[in-house]
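> Make a model of this:
(2 chains)
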Number of protein chains: 2
Amino acid sequence: MIQDVEIRQPITVEEAVKKVMAHRKQGEIEVVSFYDCDGRRLAEPIIANHNIPSFDKSPYDGFAFKAELTQGASLDEPVHFEIVDHIGAGELPTKELSGYEATRIMTGAQIPEGANCVAMFEVCHAYEKDGKQYIAITEPMEQGENIIVEGSEVKEGEQLVPKGTYINPGVKALLATFGYAQVKVAKKPHIGILATGTELLEVDEPLEPGKIRNSNAHMISSQILRAGATYTYYGTLADEFEPSLAKIKEVLTEVDLLITTGGVSVGDFDLMPEIYKALEADVLFNKIAMRPGSVTTVATLGDKFLFGLSGNPSACYVGFELFTRPIVQTMLFNDQPYMKRIKATLAEDYPKKNPFTRFVRSYITYENGKVYVKLAGMDKSNVVSSLAHSTSLLVIPGGTDEFMAGSEVDVLLIEDHEGQAKF
Amino acid sequence: MIQDVEIRQPITVEEAVKKVMAHRKQGEIEVVSFYDCDGRRLAEPIIANHNIPSFDKSPYDGFAFKAELTQGASLDEPVHFEIVDHIGAGELPTKELSGYEATRIMTGAQIPEGANCVAMFEVCHAYEKDGKQYIAITEPMEQGENIIVEGSEVKEGEQLVPKGTYINPGVKALLATFGYAQVKVAKKPHIGILATGTELLEVDEPLEPGKIRNSNAHMISSQILRAGATYTYYGTLADEFEPSLAKIKEVLTEVDLLITTGGVSVGDFDLMPEIYKALEADVLFNKIAMRPGSVTTVATLGDKFLFGLSGNPSACYVGFELFTRPIVQTMLFNDQPYMKRIKATLAEDYPKKNPFTRFVRSYITYENGKVYVKLAGMDKSNVVSSLAHSTSLLVIPGGTDEFMAGSEVDVLLIEDHEGQAKF
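The predicted model follows:
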């Protein structure tokens, strides 16, 4: 019953991230309908397949004609053009202009042959004479005036956004413009979730003495979706070795990576270390010099990852964002797979000694152009409610004393889509 | 053919937002499975329906016993307890302790009756004698030491997050913890999109002379999803009055609000003003003292909104975020429906005169604890590619001269979920 406590050698967070990312690989490509591509990541860059605009066009409602003919035009000596055509946006010019002919042209419409400027509607004096329509121009115009030249905004062949870009509304507009009716995107990695712990109840089960509802697995499922992957929740493993091993083997055939919650410590009921052994998985580390989540374990088996996250809610949360997220982002072709790290001013005291690097649930605020970070709640590792308010992780370096309000600290942004290239 | 140009009276952006929001209303409630609630907004607060923890529990693997008995314990005079029970997490104590009895207890397990402290595994000297298990304690323990008391983290009845909260991973963990197998969320408003313009091609149509592919409607569809609503894209209206009016009437029976793109200006082909008249819609405004998007028009008809956004891509984008987004957020029970407005330092020159308030597509960066804002691209209103990089709108107040790098400016954050209560 009483066993020797295994002695584990802790490594730094940086080393741990490095060990995990040494096994990173790019994911697969799938083709989705343009209408289903929001929030996905591009598996190819968007290249302009035509000029924008794709023809010389008018930025205004007005009249197009030959600019040279207006030389010397004035209020006293206006130059007169006969209106011989009328082009709406999307319509084509029907006439090539010659001499003192003008075309009524709408915003966005194509400049007719024979014209080389557009006068805005408001500066043209329109009139009718003998059943014909005319305009009088009272100021000289320049060649090219008010013409948006073909290719002046985007040149054919230009790369507009790179592979791996998150598809936001602006990117979707680009895809529409260049006719990407089908879009090559990164296939979402599929992640299995297994919780360990006899004490865990499902969300629809009534509370029982001595038990708690499983929240970690569902929190992780939501983190998985936020990271851009999909998941299957395989339920809870009771603290029994053989059935747990069998279940894990089965799940590993169905997913790209497996996340387990709990069972990675050195207690009597912590089965995961034995399971890694039985699977002959390559354990990259099982002890990290950080809080929370020091027992976070990552192993590889063939081309699959096993993320053994702590059963403690905030350790579980942090473990996913630090180790699983960059693997997912790499599979999604994002070459900035790490959380964006910024400097911020600590808005309140953090009066703890910090023998190990801490990742504290927090959120950032802005005041007068500066960034502040506030603690999302008491940093008791089992206070689940503080996670609800977290949008960042405050990084407290190991080997330091208390940090007081006003200190400059590092903060990792959880909800940012851009990320950064280095941890 | 040549018509009088209608004179419109511009109002300020603040007035325009106020006029729109005067018609705001809360949306409907729907019940979704816990498994489908990510990214939705709560239609009810989360109230703790039990204490956390729901029983006195152990934070460590160790031994539980009566603290008083260890008074005077030392290395020379250890106090001995017989181990009479063994509780895993999720298991219940089987024995009430009396006298010098102890229970082996795992992290998270319930403290047995008769015990009032937990000694960590590592400080207990365990041994066997005559087939019985014992521990020796060499330091005095205090009553309550290493016990997480019932309700010490969350008290039953406590409100944890309010109605309208965005369901992120932390909120999902709370829902799991308190057994919300079904979750009351705000029903997503359903928005119709109609584009106007004979020049518009669909994303799967080949480019034709004089025409462009419709990108605005699809950009808006993506903005709608980001804002938390759903959409139906009803295609493009040709620039013909009767069929357009009929289509709009039909769509209005199917959606909560209607967005049209284009056709709101005063050109020959701008049908929307006449359509509002024919519908007898109440036009709240049709001219705003801002750039881009001065012709943005919002009308109401019964309990429905008609957002007449400009056909210009960036005006269309800005119009949605300024006027449609807060209406959607209010329907989603978010009482902070406006974009978060922060101060930032302009990172590059903006050397334009600004007769009107400008909303410039931009993105924020962080440097040494300060927030900077950079222009997402040339601010030509028809350069669609710059929208791809935009995560914020730089606000340049009207009636000002050029702003140089280093100036303090206001910035509206587009991708932030929190928002703020005032425009």
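> For the rest of this, base every contact and every neighbour count on C-alpha atoms.
Will do.
> what kind of secondary structure is residue A:126 in?
Here residue A:126 is recorded as strand under DSSP: H, G, I helix; E, B strand; the rest coil.
> Next, the contact list for it, please.
A:133, A:134, A:135, A:136, B:2 (C-alpha atoms under 8 Å, 6 or more residues apart in numbering or on different chains).
> who in the stretch 301-423 of chain A is up against chain B?
A:342-345, A:366-372, A:383-390, A:408 (C-alpha under 8 Å from any C-alpha of the partner chain).
> From residue A:243, how far out is residue A:250?
Separation of residue A:250 from residue A:243 (C-alpha to C-alpha, to the nearest Å): 11 Å.
> Could you give me the buried positions within the least confident helix or strand in chain A by mean pLDDT?
When each helix and strand of chain A is scored by mean pLDDT, DSSP states H and E, strand A:159-161 comes last, with a mean of 90. Within strand A:159-161, the residues scored as buried using 16 or more other C-alpha atoms under 10 Å in any protein chain shown are A:160, A:161.
> Mind giving me the packing neighbours of the following helix or strand past it?
Sequence-wise, the next helix or strand downstream of strand A:159-161 (DSSP states H and E) is helix A:169-177. Judged by 3 or more C-alpha pairs under 8 Å, 6 or more residues apart in numbering or on different chains; DSSP states H and E, helix A:169-177 is in contact with strand B:212-213, helix B:216-227.
> Residue A:270: which of these is closest?
helix B:216-227 (41.5 Å; C-alpha to C-alpha).
> how distant is the closest one from the center of its chain?
Its chain's C-alpha centre and that of helix B:216-227 lie 16 Å apart, by C-alpha atoms, centre = their mean, to the nearest Å.
> If I take it and helix A:169-177, what angle do their directions form?
150 degrees (axes from the mean of the first three to the mean of the last three C-alpha atoms, to 10 degrees).
> Just checking: what are the partner strands of the next helix or strand after helix B:216-227?
Using DSSP H and E, the helix or strand that follows helix B:216-227 in sequence is strand B:230-237. Neighbouring strands of strand B:230-237 in its sheet, by DSSP bridges, are strand B:190-196 (parallel).
> hmm, who's touching the partner strand?
With C-alpha under 8 Å, 6+ apart as the criterion, strand B:190-196 contacts B:214, B:216-217, B:221, B:224, B:229-239, B:251-252, B:254-263.
> Render the CA-only coordinates of that strand in PDB, please.
Output of strand B:190-196 as PDB, limited to C-alpha atoms (Å, rounded to 0.1, in the frame of the first residue of the first chain):
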ATOM      1  CA  HIS B 190     -30.800  36.000 -38.000                       C
ATOM      2  CA  ILE B 191     -29.700  38.500 -40.500                       C
ATOM      3  CA  GLY B 192     -30.500  38.700 -44.200                       C
ATOM      4  CA  ILE B 193     -27.900  40.000 -46.600                       C
ATOM      5  CA  LEU B 194     -28.800  41.500 -50.000                       C
ATOM      6  CA  ALA B 195     -26.200  43.100 -52.300                       C
ATOM      7  CA  THR B 196     -27.200  45.700 -54.800                       C
END
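> and the following helix or strand past that strand, does that touch chain A?
Downstream of strand B:190-196, the first helix or strand assigned by DSSP H and E is strand B:200-201. Yes: residues of strand B:200-201 contacting chain A under C-alpha under 8 Å from any C-alpha: residue B:200.
> rewinding a little: among the residues of the stretch 301-423 of chain A next to chain B, which ones are buried?
By 16+ other C-alpha under 10 Å, these give A:342-345, A:366, A:369-372, A:383-390, A:408 as buried.
> Just the ones of these in helices?
Using DSSP state H, no member of those falls in helices.
> Okay, and which of those residues map to strands?
Mapping these onto strands (DSSP state E) picks out A:342, A:343, A:344, A:345, A:366, A:370, A:371, A:372, A:408.
> And those, which two are furthest apart?
Going by C-alpha to C-alpha, the pair spanning these furthest: A:366 and A:408, at 14.3 Å.
> can you list the residues of the stretch 51-200 of chain A near chain B?
Checking the stretch 51-200 of chain A against chain B by C-alpha under 8 Å from any C-alpha, the hits are A:54-55, A:61, A:88-92, A:106, A:109-110, A:126, A:153, A:160-161, A:168-174, A:176-181, A:197-200.
> Excluding chain neighbours, what is closest to the closest residue to chain B within the stretch 101-250 of chain A?
Relative to chain B, the nearest point of the stretch 101-250 of chain A is residue A:199 (3.2 Å; C-alpha to the nearest C-alpha). Nearest residue to residue A:199, sequence neighbours excluded (C-alpha to C-alpha, 6 or more residues apart in numbering or on different chains): residue B:90, at 3.2 Å.
> so who does that neighbour touch?
A:197, A:198, A:199, A:200, A:210, A:211, A:212, B:108, B:109, B:110.
> ok, the residue of the stretch 1-150 of chain A found nearest chain B to residue A:96 distance?
Scanning the stretch 1-150 of chain A for proximity to chain B using C-alpha to the nearest C-alpha identifies residue A:90 as nearest, at 3.2 Å. Going from residue A:90 to residue A:96 by C-alpha to C-alpha gives 17 Å.
> Residue A:88 now?
16 Å.
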